[in-house]
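**Q** Fold the stuff below for me.
(5 chains, ligands or ions: 4)
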Amino acid sequence: GTPDTQAPKAADGAAPPAAGGSFPRNETLYTSGTQWGPPANWNPLREWDFATGTKGLVYETLFLYDPDADKFTPWLAESGEWTGDKEYTLKLRQGVTWSDGKPLTADDVVFTFELGKMETVPYHPVWTWLRSAEAVDAQTVKFTFTKANYQQWANNLYSRAIVPKHLWEGRSEDEVMNGSNERPVGTGPYAYQSHDQDRMVWVKRDGWWATKALSKDVKPKYIVDIVNSSNEVAMGLLLQKGLDLSTNFLPGIANLVKGNFGIKTYYPEPPYMMSANTAWLVLNTKKKPMDDAEFRKAVAFSVDTKKIVENVYGNLVKASNPTGLLPQWDKYVDQSVVSQLGFSYDPAKAKKLLADAGYKDTDGDGFVETPSGGKISLKLIVPAGWTDWMEAIRVISAGAKAVGINVEPDFPDYNALVDARNSGKFDMVLNNEKQLANTPWLYYDYLFRTPVQKLQTTVNFGRYENAKAWELAQQLDGVKPDDVEGMKKVTSELQKIQLQDMPVIPLWYNGLWSQTSDAVWKNWPSSAPGAPKYAPTVWRNWLEMGGVLMLTELQPVAG
Amino acid sequence: MSLTVTDLRVHYRTLRGEVKALDGVSFTVADGEIMGLAGESGSGKSTLGKSLIRLDGRMRHVGGTVELDGVELPVGDSAAMDRFRFSEVSVIPQYSMSALNPTRKIGKMVAELLASRGERLDPAELERRLELVGLSRDVLGRYPIELSGGMKQRVVMVVSTLLNPSLLIADEVTSALDVSSQKAVARTLLGLRDTGLVTSMIVVTHDISLVYQIADTIMVMYAGRLAEKAPADVIVTEPRHPYTRLLISSLPEVGVRQADKRLSGIPGSPPSLLDPPEGCRFRDRCPLAFDRCAEQPPFTEVAPGHSVACWKAA
Amino acid sequence: MWRYFGRKLLIYGLTFFVAVTINWMIPRFMPGDPVQSMLSRANIAQPEAVEAMRAHYTNLFGFDLPLWKQYANFWAALLQGDLGISIWVFPTPVTDVIVRAVPYTLGLLVPAILLSWVAGNRFGAFAARRKWLDNTALPVGYVLTATPYMWLAILLAWGLGIVAGVLPVAGAYSFAMEPSWSWEFLGSLVEHWLLPFASLFLVAFGGWAIGMRNMIIYELEADYVHYLQSLGASRRLVRRYAFRNAILPQITGLALQLGVLVAGALVTEIVFSYPGLGHLILKAIQNQDFFLLQGTFLFIVIGVLIANFVIDVAYVVVDPRTRIGMGEAA
Amino acid sequence: MLRLDGVSKIYRVGAFGGRELRAVSGVSFDVNPGEVVSLIGESGSGKSTLGRMVLRLTPASEGTITFDGTDVSAIRSRKAYYRQVQGVFQDPFSCYNPVFKADRVFAMIKQEYFPEMGRAEWRDRVESSLDGVRLDPGQVLGKYPHQLSGGQLQRMLIARALMLDIRLLVADEIISMLDASTRIDVLNLLGDLRARGLGILFVTHDLSLGNYVSDRTVVLRRGRIAEMGPTDRVFGNPLHPYTRTLLDSVPRLHTKWADEEPAAGQTPCPFHDRAPDTPVRSDLAEAEKEHYVACAGSGACPAAKETA
Amino acid sequence: MTAAGPAAVVTVRAPRREALYFALRNGKLVAGLVVVLVFLLAALLVPLTIDYGPNDYVGPAASAPSGEYWFGTTTFGQDVFAQFAYGLRATFLVGLLGGGLAAVIGMAVGFTAGYRGGLVDEILNMITNIVLVLPALVVLLIVNAYLGVRSVGVQALFIGLTSWPWAARAIRAQTFSLRSRDFVDLARLSGVRTPKIIVREIAPNMSSYLFMTFILLFGGSILIAASLDFIGLGPTQGVSLGLMLNNAARWSALHLGMWWWFIPPGAGITAIVGALYVMNVGLDEVFNPKLREM
Ligand SMILES: Nc1ncnc2c1ncn2[C@@H]1O[C@H](COP(=O)(O)OP(=O)(O)OP(=O)(O)O)[C@@H](O)[C@H]1O
Ligand SMILES: Nc1ncnc2c1ncn2[C@@H]1O[C@H](COP(=O)(O)OP(=O)(O)OP(=O)(O)O)[C@@H](O)[C@H]1O
Ligand SMILES: [Mg+2]
Ligand SMILES: [Mg+2]
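**A** Ligands and ions are numbered 1, 2, ... in the order given. Purely as a prediction, here's the structure:
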């Protein structure tokens, strides 16, 4: 029979799909690429491992953010604005209901933010500069701040999933953070249907607020998100038309896009993908000779990024801008600074830099020594098993050796690498943990945050200390997001420091891996004229950066 | 005439050539006769025993015939021999200890063996025969491992004679046993003949004093040929072949002591069977050898029931 | 016989103890902090948040206790069937994760082991019978046993799955289905099971066939065979006896090979993303999920021990020598 | 010279040595220089075990074995002991490592005992020793074991033992694997060695052979001494029923086995039914001078249970 | 597979000449040997003729076999033939080291347990049984996952340390039966010490058996190493056939139809190990007169 999509029941997830136990192909969207393990929790606060779609399909955010257009779209909120230097007022949309039928109110929003007062909640640090969140009336929330970090706040507006107070109230900290939240009740377009070790199934729910309010409707009745076991499997499924949207890194996909396999990517030519984050070569600035900016620059000039892009990635990625800012942030790049201070692959220049700074090969082993005559022998590490990176650092190492810097690739196991990286016991490491977001501030926070702790767990792994730079980064946070000129002034300064000092070396932009099949669904986002321009992905924390809107634009191929 | 062997030749194929292990052997065994087959190690006793029932993969029947109860045995054709095995010719192998399938209960094994020969098992008869060798019926319900060596040997005896063969070949069945067991086994063999379960018997051994106890006749082999065959008493008391004589005289009797009577062995060693010399093969070690010995002496009857292959014996 | 079992049980007990201890020990003496890397994967923006969570999880997993206490707790928890909480699929208990995967592994392994053993032995015995078969079929057997499991799996996946496209190459049942007792669903299960099964089966089959062929050839030279032949027993009987005796070392061989077969299953599962234990192990390794890795390891060890025990019992049933208490098998 | 005093050997058999097996129990006798003592008994009666204990290849469980008054197990240097006491075993074929040439047995002696001796000198010694056992050096040296006959191999082993100036030879069934005609040569050789003053412990189950060479005879039964004494007295006047059975079982030329066997139960027990003034040495009664006999272990005897 | 044949002590009654005669006439042995030697020579010589590294990007990406690149190139433009030749080296090395180490441990344990007997035997036997029951590859997975493997040597070490038990058991049984042989006693009577007896008397008697054990361990090590490499627990430096398979799979060679990338390494392993097994059976026939075909 037809599945019972009535909200409260659907959450029970017991409804059988269709006669014979299978989902009708033309009503089902198969996705993969996000979930690397069996869906195990539907807890929107566990932003790193909730089941794909928990945030976005079930729980929603106050705003959506479109990184390409740098535009915020009111979502659960109807509007929001700074009503004072340190006061932000938010108006909620009328008529939004939870899937159990209760209305969404200001209390829910306040409750969600106040959850952050628990120490282990990831957005707990907000409360170091947020003073209070109050429900003015059922539809209005007022936030007051001790320090107005506009950029960060903007990020929070589209990152925080709002949870229903009436169901979450009274949960202990452990339950809030570690609970699996098995029957997610949210405001979004889908409800839990079922899950197994290798899949997560969502079913469309009637009565999604946006249908009425925005005339938007998600098209697939079922979304089956397939757990990745490996990229090859995803590629196989995609080729067999068993997958509509693969957000995996599929090496060699370019051949299939060019061939006649019905597989498309956002761009029909290199780089094929939108960019999602920057891969950085992090140098440990606390170690000799990497404490020397000239040496670091020489390394930067020695990296043959083009070779990595072409040979390792088969042109699926794009070489990075010298500032490392993603293409979406192009407007914040000060081109004059870049043309003056930027770098590119130039072995001769690298050698010259080394020579000028006193690095010479005194013992004739083909590798330079430090000006004081010490041997240089560096290790560049990436986790064992990360094959693309393993290949990439082989290229980097070869480039460095070619200019006389002895860099050996090494592949410790992930734990050991994290340990070494966090505690500063490494020479060079590759890292790309910072994702595209609404503000380049995140990148500068990543590059310059001080003070350096014993353990650097998320930012500034190179332990670069530059008070001026950190000062500027904080300053940037205090610029309102719509003041692009104001931001540029600060970023230009930051870029100058960055390129002069070269604490980390940006290499390439990892793609927003996404390949789509036109077999069952069409009108995928792409660079083609007239096509939707949303981020074609179901990655965690990306649905609110376009993924949900993509679902509303899809069209079934047959009938 | 129960068994007539005529000019039997059996060779072993080896790398270095053919070992002529049986080189023209002719003799007869009468109904009811127990014939002891003695001789030095390597003289071809086992080969003769095997030739009569089953040539193994490397043996080759080169010539000669074997006739049992007037029917010629196809000794060279293993498949054709199957018809005669067990029912006409049977064997008690030297390796009785390991001759039984370790994973089958004895009763079951016997039944299956008989069934595969198309014979029906008569449990009462089987029990009777077990009794005859002093075994109780419950050995049938046991695995070989549960039996002692002597018991296994007796079981094999019973099994081998179940179909009342005309000819039974017992190859070195006693040489691994101590004196008291030897005696028991030898007596059992005798009993098999006396009760008529077996018509005639060839008992292979190199222990002449033992075979003397039960055999009617004794045949002595030397280097792939027959040396002498005679009634047991005659062999022991009046051997004619020089080899037999030397052999008998080198056997210490109970009570003979070195201090009193120093015995002596036979000097020298037998010739290689790969390429045996012409003529009498004992001639190099023979105290009586003379020119004529370069010619092979025939195995002729010198007295009733007494044949010798020696020029000097005639 | 009881001695035999007593001894076996003692060995199993000790093995289990050693396995548990190794299992507990290794992650604790290795470089790196599992909680740190877990949080590192969590990709949390603010360093302050990370610090708080680190303290929280370190406590949750008990890494802040003295080592001996951790060891004692480990045993205590283990005896209650508690293998901890998986990091990879947090907050699912490891036992749950494993229990969900076990049916798939068993469904693959048990038929593969039993069928390959039975068929391999029959075929080996059959091949040893005829010279031409021996000379033609056995090279195939050698090649099969020498094939790395994953390579055969890859070839099958490539040939039948990708090129011919007749069989699916990933998952345990169609992604368009939910488990139910319908024929359609069972058909889908079988369809997905076929290739991994075939690759396991074929490699093992070759091994058993060769083993059996060699055993039979030895057996046919045994004294009891010569004796039977001297008595003119039929070829069938001789073969049957030889087979029955040759099967004994093959049973012991099965016990010896269990570990290898399990390993093969793990690798095969990985190739076909079959959601069994092998797949779990790979994920646990890739995600540094100690608890899951420990759990799967223990589970496999227990499984192998039980299987060994079953084999021991089977051995006693077929070999009277062990029953009589003449000592130790193999 | 060699004295065994209450020697026992207990084997632990079964898994974890659960069961005990008394292979030898409470055996005492002496071997003097120039004396051949034959150890007779059916299979499994513990003869080889005794021999091995004397050779220190197996430790004794109880009792002491002394050589020239010193406890054998207390002798530190095995080498020194083996210089005086040597053994030769039943199966000459298995005494040779089939992988190597047969004369390796001599080479081992040289390596261990005469490392300094020159090649030529050593060769002379080997040859003279081979001569002593009437072997032609040219025929046996440089050959593989399978190229030699059992008699040749056995004699080489004896020659090997004689390379060291031994005083005691343990000969464990050294002739049972040999051909009837070769046997007698080896036996005669032993007789000659005795004449040179060598003490020999001659193990056999063949009574006629034991009788042929030995001065004294020890009859073992289930690890215990059944009867012992000078050979002529033991054979001439066997007192123990077991000895008699053995003697009866020996196949003789010229005489066939008697038809009925004596029923063991009815015969008197030589130990318990002995004359009242017979001297007793532990379990043995001295029926004649130097001729000892043990309980028959028949149903009527008080000690029946133990011995059975 | 380890169940290659029952443990018959193969005594070399026959002189070496005869063994050689049968060896040369044994088709299985000769064919196996030829295959192994061909691969061995390829492993030794081919890298000398190639002037670039196996991981260098030398050619056009993902091209099919051609006159220039005999086995084609990888996605990155690496020469598959060069990788194959270098990989063979690693494969032989891991077989040699892993199999060798396992053989050494197996022999040490087997000889000691078999010769000493008693308590020593009980303890060693217990250890052997424990290691035997523990599924080796799974233990290796755990150990490799935690320790990380840098080189073929370390990998071989791990494999060697876990794959000896069946060999130890088999050697123990052999030693046990040889220990009671008279020539061992005779050596003792000659004053030879225990270790020397084991090495000089017992081991030579089972040399063919030991050699066969080594062959099986050699093949087993190669297979285990390939499995580990494939799971991604292989050495992180250099190439091996297993790593090639792993890379081919990881980089979707199957789906992209780059058969030349994943067929050669697997075929190489199969051929070498298969040839070793065939050799083993051939040797068995040579040394065991019962199995010789006339
Ligand atoms: N399988 C074989 N291959 C080659 N020659 C063989 C084989 N079996 C036996 N011979 C040779 O055949 C000859 C006769 O051997 P056979 O076994 O019949 O002697 P036998 O008299 O039984 O000796 P024994 O008393 O030692 O058992 C011997 O020279 C022996 O070396
Ligand atoms: N290593 C051993 N372990 C256990 N039992 C043993 C051992 N060696 C011998 N025995 C047992 O000790 C008993 C005496 O054995 P021994 O070899 O001394 O007898 P024997 O008189 O030499 O016999 P045979 O005439 O057969 O050589 C036998 O029951 C035997 O099974
Ligand atoms: Mg014979
Ligand atoms: Mg003995």
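**Q** Only C-alpha atoms from now on, for both contacts and neighbour counts.
**A** Will do.
**Q** Residue D:58: what's its closest spatial neighbour, skipping adjacent residues?
**A** residue D:52 (5.7 Å; CA to CA, 6 or more residues apart in numbering or on different chains).
**Q** how close does that neighbour get to residue C:195?
**A** 62 Å (CA to CA, to the nearest Å).
**Q** out of the two, which sits in the more crowded spot?
**A** Legend: neighbour count by other CA atoms under 10 Å in any protein chain shown for residue D:52 and residue C:195, higher for residue C:195 (24 against 19).
**Q** and whichever residue of the stretch 1-150 of chain E sits closest to ligand 2, what does it touch?
**A** Closest residue of the stretch 1-150 of chain E to ligand 2, CA to the nearest ligand atom: residue E:117 (10.4 Å). Under the criterion of CA atoms under 8 Å, 6 or more residues apart in numbering or on different chains, residue E:117 has no neighbours.
**Q** Need phi/psi at it.
**A** Backbone torsions for residue E:117, taken as degrees, to the nearest 10, come to phi 70, psi -170.
**Q** All the strands of the stretch 101-250 of chain D, in order from the start?
**A** D:168-172, D:199-204, D:216-221, D:224-230 (DSSP state E, counting those that start in this stretch).
**Q** what residue ranges in chain B score low on pLDDT?
**A** Applying pLDDT under 70 to chain B flags the ranges B:1, B:176, B:314.
**Q** Pick out the residue closest to the middle of it.
**A** By CA atoms, centre = their mean, chain B has its centre lying nearest to residue B:204, at 2.8 Å.
**Q** which residues does residue A:28 bridge with?
**A** Residues in a beta bridge with residue A:28, per DSSP bridges, are residue A:222.
**Q** shouldn't it be in contact with residue A:220?
**A** Yes: using CA atoms under 8 Å, residue A:28 is in contact with residue A:220, at 5.4 Å.
**Q** For the strands of the stretch 101-250 of chain D, could you give me a markdown table that also reports distance to residue D:143 and mean neighbour count?
**A** Converted to a markdown table, the strands of the stretch 101-250 of chain D look like this (distance: least, CA to CA, whole Å; neighbours: other CA atoms under 10 Å in any protein chain shown):
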| stretch | distance to residue D:143 | mean neighbour count |
| --- | --- | --- |
| strand D:168-172 | 24 | 26 |
| strand D:199-204 | 28 | 26 |
| strand D:216-221 | 37 | 26 |
| strand D:224-230 | 41 | 25 |
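**Q** By proximity to chain A, which residue of the stretch 51-200 of chain D wins?
**A** Closest to chain A within the stretch 51-200 of chain D is residue D:99: 50.8 Å, counting by CA to the nearest CA.
**Q** er, chain B I mean
**A** For chain B, CA to the nearest CA, closest residue to chain A: residue B:103, 48.1 Å.
**Q** quick one, what contacts that residue?
**A** B:143, C:244, C:245, C:318, C:319, C:320, C:321.
**Q** coming back round to it: quick check: the residue of the stretch 1-150 of chain E closest to ligand 2 vs residue E:253, distance?
**A** Distance from residue E:117 to residue E:253, by CA to CA: 54 Å.
**Q** Give me the three-state assignment for whichever residue of the stretch 201-314 of chain B sits closest to ligand 1.
**A** Closest residue of the stretch 201-314 of chain B to ligand 1, CA to the nearest ligand atom: residue B:273 (5.6 Å). With DSSP: H, G, I helix; E, B strand; the rest coil as the basis, residue B:273 sits in coil.
**Q** Now for it, how many residues are close by?
**A** By the criterion of other CA under 10 Å, residue B:273 has 21 neighbours.
**Q** Which strands and helices lie in contact with the strand or helix carrying residue E:127?
**A** Taking DSSP states H and E as the criterion, the element that holds residue E:127 is helix E:118-133. Secondary-structure packing of helix E:118-133 (3 or more CA pairs under 8 Å, 6 or more residues apart in numbering or on different chains; DSSP states H and E): helix C:2-29, helix C:235-271, helix C:290-318, helix E:80-116, helix E:165-179.
**Q** Please repeat the previous calculation with a cut-off of 10 Å.
**A** The contact analysis (3 or more CA pairs under 10 Å, 6 or more residues apart in numbering or on different chains; DSSP states H and E) places helix E:118-133 against helix C:2-29, helix C:235-271, helix C:290-318, helix E:80-116, helix E:152-162, helix E:165-179.
**Q** could you check the distance from the residue of the stretch 101-250 of chain C found nearest ligand 1 over to chain E?
**A** Nearest residue of the stretch 101-250 of chain C to ligand 1: residue C:221, at 12.9 Å (CA to the nearest ligand atom). Between residue C:221 and chain E the distance is 7 Å, computed by CA to the nearest CA, to the nearest Å.
**Q** ok, that residue touching residue C:239?
**A** No: with contact defined as CA atoms under 10 Å, residue C:221 does not reach residue C:239; the gap is 11.7 Å.
**Q** more neighbours, those two?
**A** Comparing residue C:221 with residue C:239 by other CA under 10 Å, the one with more neighbours is residue C:239, at 18 against 13.
**Q** List the buried residues for stretch C:50-67?
**A** C:50, C:51, C:52, C:53, C:54, C:56, C:57, C:58, C:61, C:63 (16 or more other CA atoms under 10 Å in any protein chain shown).
**Q** Can I get it in CSV, CA atoms only?
**A** Provided in CSV are the C-alpha atoms of stretch C:50-67 (Å, rounded to 0.1, in the frame of the first residue of the first chain):
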residue,chain,number,x,y,z
VAL,C,50,37.3,20.5,21.6
GLU,C,51,39.0,20.6,25.0
ALA,C,52,35.8,20.2,26.9
MET,C,53,34.7,17.3,24.7
ARG,C,54,38.1,15.7,25.1
ALA,C,55,37.8,15.6,28.8
HIS,C,56,34.3,14.3,28.5
TYR,C,57,35.1,11.4,26.2
THR,C,58,38.3,10.5,27.9
ASN,C,59,36.2,10.0,31.0
LEU,C,60,33.5,8.2,29.1
PHE,C,61,35.8,5.6,27.6
GLY,C,62,37.7,5.3,30.9
PHE,C,63,41.1,6.3,29.5
ASP,C,64,41.7,8.3,32.7
LEU,C,65,41.9,5.3,35.0
PRO,C,66,45.1,3.5,36.0
LEU,C,67,46.0,0.7,33.5
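**Q** What residues are bridge-paired with residue A:161?
**A** Assigned bridge partners for residue A:161, using DSSP bridges, are residue A:61.
**Q** do you know how far it is from residue A:234?
**A** 29 Å.
**Q** quick one: low-confidence parts of chain E?
**A** For chain E (pLDDT under 70), the answer is E:1-18, E:137-138, E:141-142, E:144-150, E:289-294.
**Q** Okay then, goodbye and thanks.
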